[in-house]
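Asks: Next input, structure requested:
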Amino acid sequence: MENDKSEPVENAYPDQPNDSVDMGYYLKEGFNIVKNNPVPFILGNLILLVINGIVMGLLVGPWYAGIYHMVRKARNGEIIEFGDAFWGFNNFIPIFVGGLIFSFCVGIGACLCLIPGLIAGGILLYLIPLVAFKGEQLSSAVTISKNEAMKSLASHTLFFLLASIVSSVGFILCGVGAIFTFPVGIAAMAVCYEDRLG
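Replies: Numbering: from 1, shown residues only. Sure thing, here's the model as predicted:
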């Protein structure tokens, strides 16, 4: 009579994600999206990798936003074009500043024994896409991202760590592999954003 076992089933993912991050699903989805659209992701990422290196990493915001945009198009069944990699430069200033805030907080945290940097990355996981796609002011984007991440901070922190590892693996191969692995990690974060706040 009091058989309430059916209730948890209603939380069917990915449509209604739990508070915890489904890391395996997001990483696999990010990998498949990049694998199925290699030219715009790999060539676009290669150019942005070089440009970002020249400007000492200051273009993280527009770079990430371009990857987020391509992931959104792929999940909507739209054709991804090479120029989509540079979509983040369209609304440059807020996305650029959002990227600086993200990088600064993660970088400062990483200097304080690494773990604070990972926590900062988890808390600010949604900052750049909130600014890029929803036009949120930076302060409100930080608040929204923090509130979402705090529902499961440990899960968000671990996911940011895993996505960062995936993105960084390619640099081990003299940097060559980064043209593929870097967008995979960011694409995984984009899928996470789309399912939870997009």
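Asks: any low-confidence regions in the chain?
Replies: 1-18, 173-177 (pLDDT under 70).
Asks: ok, 80 please
Replies: 1-20, 113, 170-179 (pLDDT under 80).
Asks: So which residues of it form helices?
Replies: 23-36, 38, 44-54, 60-75, 92-111, 115-123, 127-134, 138-149, 153-169, 178-196 (DSSP state H).
Asks: any chance of those helices in CSV, with mean neighbour count too?
Replies: Glycine gets a C-beta too; all of them are placed from N, C-alpha and C. As requested, the helices of the chain are exported to CSV (neighbours: other CB atoms under 10 Å):
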stretch, mean neighbour count
helix 23-36, 18
helix 38, 12
helix 44-54, 17
helix 60-75, 25
helix 92-111, 17
helix 115-123, 20
helix 127-134, 24
helix 138-149, 17
helix 153-169, 19
helix 178-196, 24
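Asks: From A190, how far out is the residue lying closest to F92 once chain neighbours are set aside?
Replies: Nearest non-adjacent residue to F92, counting by CB to CB, 6 or more residues apart in numbering: P62, 6.4 Å away. Applying CB to CB, to the nearest Å, the value for P62 to A190 is 14 Å.
Asks: I'd say the residue nearest to F92 and I93 touch.
Replies: No. With contact defined as CB atoms under 8 Å, P62 does not reach I93; the gap is 10.1 Å.
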